[in-house]
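# what's the 3D shape of this:
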Amino acid sequence: MAKRWQKANFAAMNTTRTKVGILGGGQLGKMFALAAHNWDVETWALDTSRSFPAGPVCSHFVEGNFNDYDDVYAFGKQVDVLTIEIEHVNTEALLRLEAEGVKVHPAPAALQLIKDKGLQKQFYQKHQLPTSDFQLFDSGDAIRAALQAGQLSYPFVQKSRTAGYDGKGVAVLKSKADLPLLLPDASVVEDLVDIKKEIAVVVARNENGDVKAFPAVEMEFNPVANLVEFLVCPADLDPAIEQFAEQLALDTISAFGVCGLLAVELFLTKDNRLLINEVAPRPHNSGHHTIDSCYTSQFEQHLRGILNLPLGSTKMKTASVMVNLLGEPGHSGPVQYAGFEEAVAMEGVKIHLYGKAATKPYRKMGHVTILAKDVEEAKQKARTVQKTLKVISN
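The predicted model follows:
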C-alpha cells in the first residue's frame, strides 16, 4: 500500500503550478533555475540585486536581503517550496515559515547546525560519523591563551564557526611564525590532518527517504586562493574506499534528515581513513560536472529531492574534469574572456559562464567541464583549457 501511495503522490505533482523560491541569486541559483525551467517550474529568487546571475533566468526576482527576517518571511509566503543556494540566511524566518506550512528544504533546524562549523563537528561526534579531532574556542585570544598554557600545539587549522565561505575564514598555523594569521572569531580548531587526497560525494534525499549518491570526485585546490580549481571524476580511489565514501555520505544526509542535496567533503588520510571535513546542504562546486557528464545533473537532482519526486540516475555518461574559471591576478573591472573562441572549438569542452559583469582576482566567473573517454585524456585537455581561456578585464 505504501508504495502505491508514493507512486500516486509522485504522479499528482504538477510542476507548472509549483513555485520554488531560492534564497540567493548567484551562480548556483542561476543553474538551478535553468534546470527547473526544463519542467516549467516557476522559480523565484531573493537577493540584493537583479543584476546578479540568477536575475535574467528566474521567473521572478525579488530584491531583498536573505539575512533579513522580514524579507525572508515575506518572500517565503509567496512560494510553495523554499530552498537555498547559500547557508548564511535568516533561519529564524525559515522556522516560522515551516511552522506555518511552507515547505522549507533543507530543514531550518538542520541548516542551523550546518552553518555553524562548531555545531557541525559536534553533530558528527554525536552520530559517530568520522571527523578530525577538534576543540572550540570563543575567540582568537582564547586560542593564544591555550597555546601559551600548553593546551594547544602546532600545527592546527582554525575555522571561523560562522560566515566562512570559499576559503575565507580558514587559517592554517604550522608554527609560531604563522600566529599573525590567527583569526579573531569564535572558531573550531582542528588537528592538521595528514591528507592523501580531498574528495567529495554529492548525495540526494527526498521526503520519502530515498537516497542516491553521485560518484566520488577528487579535488585539487588553487594554493593561493584556496578554491577548488581542478575536479576529477571518477576519483582515483580503491573501489572499497570509494564505496565506503559513498555510504558515509549517504549516512550523513540521513542523519541530518535534509531533503535535496548534501555535498560531503572528505579527507582521505595517508593511512587510508576517511574523515568528514564539512558539508553543504545545496548544490555545490564539486557537482558542477554533473550537468554535462551524468544522466542527472546535481541541480535537477536537488529539484527532485525538494519536490519529493523520484531521484534520478547518478550514473556517469563519461569521464570528466571540471576547471573553475577564476579572475586572473591583477585584473579588476568589466570582464572579458580571452581565448574563448579557441576553447569553445575544442571537442568535449563545455563552457559555463555565470553572467557576472565584473571580474576581480580569483573571483569565480564560470566553470568548464571537459569530457573524454578517460580521466587522463580529460586532464590533458583541461590543462590546455587552463592555458587558453583566461578571465581578464577590459
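# Contact partners for I241?
268, 272, 274 (C-beta atoms under 8 Å, 6 or more residues apart in numbering). No exception for glycine: its C-beta is placed from N, CA and C like everyone else's.
# Which of those has the largest number of neighbours?
L268 (22 neighbours; other C-beta atoms under 10 Å).
# show me the residues around it that make contact.
Per C-beta under 8 Å, 6+ apart, neighbours of L268: 195-199, 237, 241, 245, 274.
# Now which of these would you call buried?
197-199, 237, 241, 245, 274 (16 or more other C-beta atoms under 10 Å).
# for those, which one is nearest L173?
E198 (19.2 Å; C-beta to C-beta).
# Unless I misread the structure, that closest one falls within a strand.
Yes. With DSSP: H, G, I helix; E, B strand; the rest coil as the criterion, E198 is located in a strand.
# where do the strands sit along the stretch 51-200 of the chain?
60-63, 81-84, 103-104, 134-137, 156-160, 170-173, 187-191, 195-205 (DSSP state E, counting those that start in this stretch).
# Kindly report the domain assignment for this protein.
Per automatic domain parsing, the domain ranges recorded for the chain read 2-104, 133-191, 195-393.
# With distance to K117 and mean pLDDT added, can I get those domains in a markdown table?
What follows is the domains of the chain, written out as a markdown table (distance: least, C-beta to C-beta, whole Å; pLDDT from 0 to 100):
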| stretch | distance to K117 | mean pLDDT |
| --- | --- | --- |
| domain 2-104 | 10 | 90 |
| domain 133-191 | 5 | 93 |
| domain 195-393 | 7 | 96 |
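# Those domains: which one's closest to H127?
Of all those, it is domain 195-393 that lies closest to H127, at 4.7 Å by C-beta to C-beta.
# tell me how far the closest one is from the chain's mean position?
Computed by C-alpha atoms, centre = their mean, to the nearest Å, the chain-centroid distance of domain 195-393 equals 9 Å.
# Quote the end-to-end distance of that domain.
36 Å (C-alpha to C-alpha, to the nearest Å).
# For the stretch 201-350 of the chain, just list every one of the helices.
Per DSSP state H, counting those that start in this stretch, the stretch 201-350 of the chain carries helices over the ranges 239-256, 290-293, 298-306, 340-344.
# before we move on, back to that, quick one: which of the buried ones among the contacts of L268 is nearest P130?
P130 lies nearest to L274 out of these, by C-beta to C-beta, at 6.3 Å.
# which residues sit in contact with that closest one?
By C-beta under 8 Å, 6+ apart, L274 lies in contact with 130, 241, 244-245, 248, 266-268.
# just those now: which is nearest K317?
Looking across those and measuring by C-beta to C-beta, the closest to K317 is A245, at 21.0 Å.
# roughly how far apart are K103 and G348?
Distance, K103 to G348, by C-beta to C-beta, to the nearest Å: 39 Å.
# How about A255?
38 Å.
# same check, this time on F299
F299 is 21 Å from G348, by C-beta to C-beta.
# So which of these two has more stuff around it?
F299 (24 against 18).
# contacting residues for the more buried one?
31-32, 34-36, 283, 291 are the contacts of F299 under C-beta under 8 Å, 6+ apart.
# Then F256?
106, 110, 113-114, 123, 262, 279, 281 are the contacts of F256 under C-beta under 8 Å, 6+ apart.
# what's the answer for D210, then?
D210 makes contact with 310-311, according to C-beta under 8 Å, 6+ apart.
# Next: G26.
47, 52-54, 85-86, 354.
# Kindly recompute the last result at 6 Å.
For G26, the contact set (C-beta atoms under 6 Å, 6 or more residues apart in numbering) comprises 53, 85.
# how much space between it and A358?
Taken as C-beta to C-beta, the span from G26 to A358 is 14 Å.
# roughly how far apart are A382 and V375?
Taking C-beta to C-beta, one finds A382 at 10 Å from V375.
# Those two: which has the busier surroundings?
Neighbour tally, A382 and V375, criterion other C-beta under 10 Å: the higher count belongs to A382, 23 against 18.
# The more buried one is in contact with S320, isn't it?
No. Using C-beta atoms under 6 Å, A382 is not in contact with S320, being 9.2 Å away.
# returning to what we had before: most tightly surrounded among the strands of the stretch 51-200 of the chain?
strand 81-84 (a mean of 26; mean count of other C-beta atoms under 10 Å).
# Which secondary structure elements does that strand sit against?
The contact analysis (3 or more C-beta pairs under 6 Å, 6 or more residues apart in numbering; DSSP states H and E) places strand 81-84 against strand 19-23.
# at 10 Å what do you get?
Judged by 3 or more C-beta pairs under 10 Å, 6 or more residues apart in numbering; DSSP states H and E, strand 81-84 is in contact with strand 19-23, helix 27-37, strand 42-47, helix 69-76, helix 91-99, strand 103-104, strand 260-269, helix 298-306.
# coming back round to it: between the contacts of L274, which is nearest F214?
Nearest to F214 among the contacts of L274: A245, at 11.2 Å, using C-beta to C-beta.
# Please tell me how far that closest one sits from L274.
Distance from A245 to L274, by C-beta to C-beta: 6 Å.
# Likewise for D68?
From D68 to L274 the distance is 39 Å (C-beta to C-beta).
# How about V57?
Counting by C-beta to C-beta, the gap from V57 to L274 is 37 Å.
# Correct me if wrong: L237 contacts A200.
No. If you go by C-beta atoms under 10 Å, L237 and A200 don't touch, sitting 11.9 Å apart.
# how about the nearest residue to the residue nearest the centre of the chain, chain neighbours excluded?
Ranked by distance to the mean C-alpha position of the chain (C-alpha atoms, centre = their mean), the top residue is H284 at 2.5 Å. Among residues not flanking H284 along the chain, A263 sits closest, at 3.3 Å (C-beta to C-beta, 6 or more residues apart in numbering).
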